[in-house]
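[1] with the input below, show me the fold.
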Amino acid sequence: MICEVMIRNPDTGPPAMGEITRPSLLLRFGVFEVDLRARELRKGGLKIRLQDQPFQILAMLLEHPGEVVTRDELRQKLWPADTFVDFDHSLNTALTKIREALGDSADNPRFVETLPRRGYRFIAPVETLRRSVSTEKPALRQRRYSRRWLVALAAFAVVAIVAVAIALNVAGLRDRLVTAVGARHGVPLPKIESIAVLPLENLSRDPGQEYFADGMTDALITDLGKISALRVISRTSAMHYKGTKKRLPEIAKELNVDAVVEGTVQRSGDRVRITANLLHAPTDRHLWAESYERGLRDVLTLQSEVAQAIARQVQAKLTASEQQRLTAARPVDPEVYQACLRGKYYSAMETQEALETSLKYFRHAIEKDPAYAPAYVGLAGVYWHLAHFLYLADIDAHRERKAAALKAVELDDTLSEAHGTLAYLSSVYDYDQSAAERRYRRTIELNPSSAGAHWDYAYWLMAMGRHQEMLAELKRFDEIDPLGGAGGKPPFFYFFSGLYDRALEEAVRLVGREPSCGVCRWWLALSYEQKGMYEDAIRESEKAYELTGKSPLMLVSLAHTYAVAGRKEVARRLLARLEQRRLQGRYVSAYDIAVAYVGLGEKDRAFQWLDKAYEERADGLVLLKVDPRMAPLRSDPRFQNLLRRMNFPP
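    Residues are numbered from 1 along each chain as shown. So this is what the prediction gives:
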């Protein structure tokens, strides 16, 4: 499709007597049509609504392609001196509407470029053509049109039938037609097997609505992740580009993807509008753009529509079950949906206050709509965070997580996150390792691009001692989440796989990149300890202890290192502090205390605490088989008996 701007040629003058045409100028660009006389912006023959002032600004830019149209020129043209308006606000609003209509971006413009404090420039190529425009008298046109009416009607019927066949993709007609047209024009459709959804821009300009835009981005990533034929970059990596100024080819190279989706979200009252653009990232070639708008109650359907449209554009092959999962959306109470988005926002924070706030939002959502399955998934996630940051005992968190996840699966068996939660709990709470593996496989089947699912399955494979399979899952994880935050996952996995040199190498790299990462220094300390470099291990453990806010886990590590280094009195003093913390009602994992007693060589005491860990369903106990710090206990029959009670495979 081309873009046309009709401008009368001032050099032609009025038509002579008997003349039925006069020449006019056409300006073409991109994939749109603009008719200045009708003041219409069209795409594919369909009118795109654009208000008068944004349209006039677009016309001025098109009349001067490649040139700067200054802010003063725009002010004089559209906001004369006697017009009392907030010029900056009005101009910014108008430009936003232009970009939204064209599917353009201020950060990575394809059409309208902003020159700060100067003005704007139309940067796409504009082609100037001539065409003939009829000036027949109305009576002559009426007689000619009446003779052609029947022919036109028949032609319209044929076109309508073909259009319906193309729209419904009967016998694959649309796919073949699109491919054929692309090939005919020498523009073959690029093969797309991987995609990244960049953070959608919040057009409301209200910082309080950022959680909504981020939630919509998250939902689109999740929906596309259900397609096994696509590799979809995780939210963790995609969010690195929030507000980025990088060019798309650079982003594509960093993420190793074929295509990028970028766009905007605008919420106005109970209406939500998403504009999505699909680009072939390595070449920055625009492939598709569309806008969707629905009421907030139908926001899940809106998300599904966008994901399905993108899947069609990249010609992804969907299985029947994937198609069903993508189209299974139901209305949702706007209050429930927003409560879940806010709950998810607060659950990403580490403070106990924020996590308690998150719980309130998810509980409110469940109270309003007990049949809304994602609310239970969110609730289960908060309990994981509460246990992870030691605000709640493992067994209490596991109990709440299991109840929430079971309810979510009961309501919607296709929720990947719910199955992932149940997989983990099958291992650490139910001690059913066979069920855990089945659940992990189901989790990945439901969302092949879930970085969390591959990470969790790799963790379980590591705990079972299946290191080669673990490495395969880690490879898949790295493909989906190449920029996975502060990192540290590789050292962790290498450490529990007995690859201490590799763990040390990765930990040194991470600490060099982020010296204030306490957990990274902990991995470094663990690696030093296994290499017999005790002074280095003590130094890094002490740093980790301070950087993590004096975490009990880091204190355990420090006590164990002092013990194996022969400084047992110091280790016992640290251990006494941990036991005192438990007596005060503050949570310390029984497994961690057992680790410290192993370092002291007190096996009986270590087994007493391991039995407590078993009863308390301590998370760390799942590492029993591969934790090198437990090596002194492995020949003891009590150790083998504990492995059997946890149903570890031989």
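[2] which stretches of the chain have low pLDDT?
    1-28, 44-46, 80-87, 89, 127-189, 485-489 (pLDDT under 70).
[3] quick one: residues contacting the residue positioned nearest the centre of it.
    When CA atoms, centre = their mean is applied to the chain, the residue found nearest the centroid is residue 235 (2.9 Å). Going by CB atoms under 8 Å, 6 or more residues apart in numbering, residue 235 touches 217-218, 221. C-beta coordinates here come from the backbone N, C-alpha and C atoms, glycine included.
[4] state the distance from it to residue 218.
    5 Å (CB to CB, to the nearest Å).
[5] now do residue 506
    Counting by CB to CB, the gap from residue 506 to residue 218 is 29 Å.
[6] between those two, who's got more neighbours?
    residue 506 (24 against 19; other CB atoms under 10 Å).
[7] the more buried one contacts residue 497, correct?
    No - taking CB atoms under 8 Å as the definition, residue 506 is not a contact partner of residue 497, at 11.9 Å.
[8] OK, contacts around residue 326?
    For residue 326, counting by CB under 8 Å, 6+ apart, the contacting residues are 223, 226-227, 304, 307-308, 311, 318.
[9] pull out the buried members of those residues.
    223, 226-227, 304, 307-308, 311, 318 (16 or more other CB atoms under 10 Å).
[10] for these, which one is nearest residue 341?
    residue 223 (15.5 Å; CB to CB).
[11] I'd say that closest one and residue 305 touch.
    No - counting by CB under 8 Å, residue 223 stays clear of residue 305, with 9.8 Å between them.
[12] which stretches of the stretch 201-350 of the chain form strands?
    201-202, 231-232, 259-268, 271-280, 285-295 (DSSP state E, counting those that start in this stretch).
[13] dump those strands to TSV, plus distance to residue 63 and mean neighbour count.
    Converted to TSV, the strands of the stretch 201-350 of the chain look like this (distance: least, CB to CB, whole Å; neighbours: other CB atoms under 10 Å):
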stretch	distance to residue 63	mean neighbour count
strand 201-202	28	22
strand 231-232	42	24
strand 259-268	26	23
strand 271-280	25	21
strand 285-295	23	17
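[14] quick one: closest of those to residue 425.
    strand 231-232 (26.1 Å).
[15] which neighbours in the sheet does that closest one have, and how are they oriented?
    strand 194-197 (parallel) (DSSP bridges).
[16] and for the strand it pairs with, what's in contact with it?
    For strand 194-197, using CB under 8 Å, 6+ apart, the contacting residues are 217, 220-221, 224, 230-233, 237-238, 251-252, 255-261, 281, 310, 314.
[17] tell me if residue 60 really is in a helix.
    Yes - under DSSP: H, G, I helix; E, B strand; the rest coil, residue 60 sits within a helix.
[18] which ones are touching it?
    Counting by CB under 8 Å, 6+ apart, residue 60 has contacts 69, 73-74, 77.
[19] just residue 417 next, same as before
    377, 380-381, 408, 443, 450, 452.
[20] can you give me the buried ones in stretch 618-636?
    618-627, 629-630, 633.
[21] pull the most distant pair out of those.
    619 and 633, at 18.8 Å, using CB to CB across these.
[22] which residue is the nearest non-sequential neighbour of residue 219?
    Nearest non-adjacent residue to residue 219, counting by CB to CB, 6 or more residues apart in numbering: residue 303, 4.6 Å away.
[23] also residue 535?
    residue 565 (7.6 Å).
[24] I figured the one you found hits residue 534, correct?
    Yes - using CB under 8 Å, residue 565 is in contact with residue 534, at 3.7 Å.
[25] quick one: which of the buried residues of stretch 618-636 is nearest to residue 541?
    residue 629 (12.9 Å).
[26] residue contacts, that closest one?
    Here residue 629 is in contact with 560, 595, 598-599 (criterion: CB under 8 Å, 6+ apart).
[27] separation between residue 292 and residue 278?
    13 Å.
[28] do the same with residue 531
    Distance from residue 531 to residue 278, by CB to CB: 49 Å.
[29] check residue 121 too.
    Counting by CB to CB, the gap from residue 121 to residue 278 is 25 Å.
[30] in a helix, residue 34, correct?
    No - counting by three-state DSSP, residue 34 is not part of a helix but strand.
[31] that one contacts residue 40, doesn't it?
    Yes - contact criterion CB under 8 Å: residue 34 and residue 40 qualify, at 7.2 Å.
[32] the more surrounded of those two?
    residue 34 (24 against 14).
[33] for that one, give the beta-bridge partners.
    On the basis of DSSP bridges, residue 34 is bridged to residue 41.
[34] can you give me the helices for the stretch 251-400 of the chain?
    299-313, 320-327, 334-347, 352-368, 373-388, 394-411 (DSSP state H, counting those that start in this stretch).
[35] kindly calculate the angle that the fifth one makes with helix 299-313.
    When axes from the mean of the first three to the mean of the last three CA atoms, to 10 degrees is applied, the directions of helix 373-388 and helix 299-313 differ by 90 degrees.
[36] just how off-centre is helix 373-388 within its chain?
    19 Å (CA atoms, centre = their mean, to the nearest Å).
[37] list the buried residues for it?
    By 16+ other CB under 10 Å, the buried positions in helix 373-388 come out as 373-387.
[38] cool, and the fourth one?
    Residues of helix 352-368 classed as buried by neighbour count (16+ other CB under 10 Å): 354-355, 357-359, 361-366.
[39] do the second one as well
    Taking 16+ other CB under 10 Å as the neighbour-count basis, helix 320-327 is seen to contain the buried residues 322, 325-326.
[40] tally up the residues packed near residue 501, please.
    Residue 501: 11 neighbours (other CB under 10 Å).
[41] likewise the one 10 residues further on?
    A total of 19 residues lie near residue 511 under the criterion other CB under 10 Å.
[42] was I right about it contacting residue 522?
    No - checked against CB under 8 Å, the pair residue 511 and residue 522 is beyond contact range at 10.2 Å.
[43] thinking residue 220 is in contact with residue 307, fair?
    Yes - taking CB under 8 Å as the definition, residue 220 is a contact partner of residue 307 at 6.0 Å.
[44] setting aside sequence neighbours, what's the nearest residue to residue 198?
    Residue 198's closest residue in space is residue 262 (CB to CB, 6+ apart), at 4.6 Å.
[45] try residue 381
    residue 347 (5.7 Å).
[46] surely that neighbour touches residue 379?
    No - using CB under 8 Å as the test, residue 347 is too far from residue 379 to be in contact (9.4 Å).
[47] joint contacts of those two?
    By CB under 8 Å, 6+ apart, no residue touches both residue 347 and residue 379.
[48] can you tell me which of the contacts of residue 60 is nearest residue 107?
    Nearest member of the contacts of residue 60 to residue 107, counting by CB to CB, is residue 69, at 20.0 Å.
[49] how near is the closest one to residue 32?
    Residue 69 is 19 Å from residue 32, by CB to CB.
[50] repeat for residue 579
    71 Å.
[51] ditto for residue 406
    Residue 406 is 51 Å from residue 32, by CB to CB.
[52] same thing with residue 480?
    Counting by CB to CB - residue 480 and residue 32 are separated by 35 Å.
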